[in-house]
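[1] Quick one: sequence plus predicted model below, questions after.
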Amino acid sequence: MKKDNLNDPNPQLVDSYHLPFGDHPDEYIRRFERIRTHVFASADDGSKAVADRVEALITEKSRKGEMCVIGLPTGSTPKGFYAELVRRHKETGLSFKNVITFNLDEYYPIKPEHRQSYNRFMWDNLFKHIDILPGNVNIPRGDCPREEVSMMGQEYELKIKEAGGLDIQILGIGRTGHIGFNEPGSSPNSTTRLVALDSLTRQDAAADFYGEDNVPRYGITMGIGSIMAAPEIYLMAWGEAKADIIRKAVEESVSDAVPTSFLQNHPNATIVLDLAAAAGLTRIKTPWLVGPCEWTDRFIRKAVVWLCQKLNKPILKLTDRDYNDNGMSYLITEHGPSNKINIKVFNDLQHTITGWPGGKPNVDDTTRPERALPFPKKVVIFSPHPDDDVISMGGTFARLVEQGHDVHIAYQTSGSIAVSDDDAVRYLDFVRSFKSIFNVDFDADSFYQSAAEFYKKKDAKTVETNELRQIKAAIRRGEAKAACRFIGVPEGNIHFMNLPFYETGTVKKNPATENDILQTMEFLRKIKPHQIYAAGDLSDPHGTHRVCIDLILEALHRMIGDEWIKDCRIWLYRGAWQEWDLDKVDMAVPLSPEEVEIKRLAIFKHQSQKDGALFMGSDKREFWQRAEDRNKATAILYDKLGMAEYEAIEVFVRYKLA
Ligand code: F6R
């Protein structure tokens with residue numbers, strides 16, 4: 001395995017790496033880690049490194065005329081790894097003729113051809129694109145009769161043995177800490193068996209199955225013992241959502257509460273992470289506890305905020321002793337004494353606060369986050385779904401409008417997938433009443449009847465018709481317009497982009513294409529904004545926010561020579577799932593209690609997303625509650641650091657193009 005590759009491609013969006021520098025041996029840097037762990041700048045880089053190792057092993061075995069036996073996972077994590085293996089097969093001739101695979105697990109009960117079965121996943125993502133012999137593919141059978149499951153488990157184990165045992169095992173990790181479907185409580189010597197899925201695991205799978213109720217309650221999984229028998233193990237994890245469980249598995253002691261921690265007892269297990277999944281590790285989160293660091297301004301801010309939180313003290317009360325006692329004596333030596341550092345960080349944070357997100361005219365703007373001129377500004381707020389604008393920055397949005405800026409809202413996707421079937425039927429029923437009210441002649445009745453029938457029969461496999469999708473999109477358009485009207489945006493400034501990548505009719509979206517980028521460029525060139533707000537939210541469970549921000553950044557980079565871009569600032573907000581860490585924040589917009597109320601009412605306009613929306617993730621709070629809790633928590637944090645006490649604060653990170 002290559003050494004860590006940390007050339008961060010987008011340092012403004014992911015945690016940068018301020019690792020202890022100098023000539024420290026690996027063991028020193030990793031001394032908090034109980035499993036060998038490699039951190040890569042991106043999931044792509046990590047996937048390629050694992051593919052390198054697998055390719056090397058297959059080739060080595062093939063040279064010796066031996067079969068290579070590989071244990072494989074499913075889920076979102078290994079997709080890039082499989083794509084890389086397929087690419088190597090097609091482009092460089094990597095052959096899988098000498099490969100035997102054993103998949104870790106399968107839902108139970110489930111038919112092999114079911115859209116969400118792991119069997120289907122494996123054929124779609126890997127097997128049908130390579131030259132593996134179908135007889136060499138092994139996947140636990142989700143359609144095996146209940147009374148035969150235990151026997152099948154034993155046979156699966158036997159088959160692994162007969163194949164000569166696993167040569168290498170590839171894993172992902174669930175948020176419960178599971179490997180395979182070995183949920184918390186699994187015993188270290190368990191073998192292939194039927195298990196009940198943890199409720200968090202079922203929630204995580206809910207979107208794929210169109211609701212938690214449709215997720216199978218059981219799974220068949222290779223045991224911890226079966227996995228640990230492989231002489232070489234790689235576990236991959238990507239994204240912020242995995243950071244917490246990775247920290248527990250890697251840095252805390254072995255416990256069956258976190259099954260992945262059993263890998264600490266394996267002589268040759270490696271954890272492969274991207275920066276986001278590594279964010280909880282000591283060497284990334286609080287590297288000053290590991291050794292000397294490179295103290296940039298933002299990094300000092302991060303360390304000081306951490307220290308204040310740890311000691312429950314405001315910035316200006318931190319002493320040399322506080323720094324020294326908490327692993328920051330190097331900071332004091334290089335940049336101290338403490339009061340000098342304190343004042344610098346205090347001022348720096350103070351300057352992030354502004355009630356004028358579009359810039360304040362006629363004042364000195366040297367220490368303000370946004371420039372005073374031009375005033376008013378042309379502003380574009382991109383919203384991945386039709387409600388992210390108000391959920392994530394409703395207060396700032398209202399301020400910008402109130403302060404006289406020309407605010408345009410661009411809804412990137414229709415959001416139709418998140419409207420329940422029941423809501424669609426309800427609206428169709430409503431439309432039926434137009435017939436008698438307006439005495440018009442259209443066949444709303446039969447459309448209503450056929451839609452109601454369709455939804456009755458619909459299951460996770462059904463693709464919605466274009467018409468029904470459009471009805472759901474219209475519901476969301478109506479809600480978004482209502483919220484904009486409430487805030488005071490003229491109708492002509494509301495833009496529904498309906499980006500094509502989203503319009504598949506199923507939860508699974510297409511990859512973004514050139515059309516999505518060109519449409520985004522065309523839109524921006526029409527408006528030529530002075531300010532752009534966009535969702536820099538990378539932990540959206542369905543990846544839509546991720547695609548949306550990538551599209552905007554790609555479009556902007558392609559237009560970098562345009563005159564208007566030179567005078568345009570880009571501000572990133574975070575969506576419903578997470579807030580920016582304070583060390584990254586460039587602008588903080590405080591909200592009064594009345595503004596918090598306005599924001600809440602604007603979110604309420606999105607009725608289809610209230611009271612148990614389809615894609616809430618595992619957090620049971622409604623979107624408005626999450627937004628309020630988060631904005632209030634930020635205000636409390638500023639207050640505790642010794643700044644003014646506000647009701648709520650929305651924060652933004654500035655993205656610099658060059
Ligand atoms: C699936 C498996 C599971 C997944 C884990 C992570 O075969 O073994 O342990 O690896 O649930 O799933 P994703 O990658 O979808 O986050």
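    That came through fine.

[2] what's the first-to-last distance across stretch 114-129?
    19 Å (CA to CA, to the nearest Å).

[3] And residue 527, how far from residue 496?
    15 Å (CB to CB, to the nearest Å). (C-beta placed from N, C-alpha, C; glycine too.)

[4] Tell me which helix or strand residue 151 sits in.
    Assigned by DSSP states H and E, residue 151 belongs to helix 149-162.

[5] then the helix or strand following that helix to PDB, C-alphas only?
    Going down the chain from helix 149-162, the next helix or strand is strand 168-171, by DSSP H and E. Provided in PDB are the C-alpha atoms of strand 168-171 (Å, rounded to 0.1, in the frame of the first residue of the first chain):
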ATOM      1  CA  ILE A 168      -7.800 -11.000   1.000                       C
ATOM      2  CA  GLN A 169     -11.000  -9.500   2.500                       C
ATOM      3  CA  ILE A 170     -12.300  -6.100   1.500                       C
ATOM      4  CA  LEU A 171     -14.800  -4.400   3.900                       C
END
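
[6] what residues are up against the residue sitting furthest away from the middle of the chain?
    Ranked by distance from the centre of the chain (CA atoms, centre = their mean), the top residue is residue 439, with 49.5 Å. Residue 439 makes no contacts at all, as judged by CB atoms under 8 Å, 6 or more residues apart in numbering.

[7] what pLDDT does it get?
    Note for residue 439: predicted pLDDT of 77.

[8] same thing with residue 426?
    In this model, residue 426 carries a pLDDT of 89.

[9] thinking again about what came up before, now the helix holding residue 151: buried residues?
    For helix 149-162, burial by neighbour count (16 or more other CB atoms under 10 Å) applies to 149, 152, 153, 156, 157, 160.

[10] and what of stretch 584-599?
    For stretch 584-599, the neighbour count (16+ other CB under 10 Å) marks 584, 585, 586, 587, 588, 589, 590, 591, 595, 596, 598, 599 as buried.

[11] how far away is the fifth one from the ligand?
    When you say that, I think you mean residue 588. Per CB to the nearest ligand atom, to the nearest Å, residue 588 is found 33 Å from the ligand.

[12] What helix or strand is that residue located in?
    strand 587-591.

[13] Which residues does that strand contact?
    352-355, 357, 369-370, 395-396, 399, 571, 599, 631, 634-635, 638, 644, 646-652, 654.

[14] helix, strand or coil for residue 220?
    What DSSP: H, G, I helix; E, B strand; the rest coil gives for residue 220 is strand.

[15] related to what we said a few turns ago, show me which of the buried residues of stretch 584-599 is closest to the ligand.
    In terms of CB to the nearest ligand atom, no member of those lies closer to the ligand than residue 584, at 24.8 Å.

[16] Checking the residue lying closest to that closest one once chain neighbours are set aside next. Helix, strand or coil?
    Closest residue to residue 584 apart from its sequence neighbours, by CB to CB, 6 or more residues apart in numbering: residue 653 at 4.9 Å. Recorded secondary structure, residue 653: strand (three-state DSSP).

[17] My guess is residue 600 contacts residue 626. True?
    No: checked against CB atoms under 8 Å, the pair residue 600 and residue 626 is beyond contact range at 11.7 Å.

[18] need the contact list for residue 374.
    Going by CB under 8 Å, 6+ apart, the list of residues near residue 374 reads 530, 567.

[19] about what we covered before: and the strand holding residue 588, how far out from the chain middle?
    24 Å (CA atoms, centre = their mean, to the nearest Å).

[20] Could I get the full set of helices for the stretch 401-550 of the chain?
    Taking DSSP state H, counting those that start in this stretch as the test, the helices found in the stretch 401-550 of the chain are 421-432, 434-437, 444-457, 466-487, 514-527, 544-558.

[21] For the shortest one, give me every contacting residue.
    Contacts to helix 434-437, defined as CB under 8 Å, 6+ apart, come from residues 440, 441, 442, 444, 445.

[22] For the stretch 151-300 of the chain, just list every one of the helices.
    Under DSSP H, counting those that start in this stretch, the stretch 151-300 of the chain gives helices at 199-206, 224-228, 243-251, 282-285, 297-311.

[23] can you redo the ones you listed as JSON lines with mean pLDDT and distance to the ligand?
    As requested, the helices of the stretch 151-300 of the chain are exported to JSON lines (pLDDT from 0 to 100; distance: least, CB to the nearest ligand atom, whole Å):
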{"stretch": "helix 199-206", "mean pLDDT": "87", "distance to the ligand": "6"}
{"stretch": "helix 224-228", "mean pLDDT": "98", "distance to the ligand": "9"}
{"stretch": "helix 243-251", "mean pLDDT": "97", "distance to the ligand": "10"}
{"stretch": "helix 282-285", "mean pLDDT": "89", "distance to the ligand": "20"}
{"stretch": "helix 297-311", "mean pLDDT": "95", "distance to the ligand": "27"}
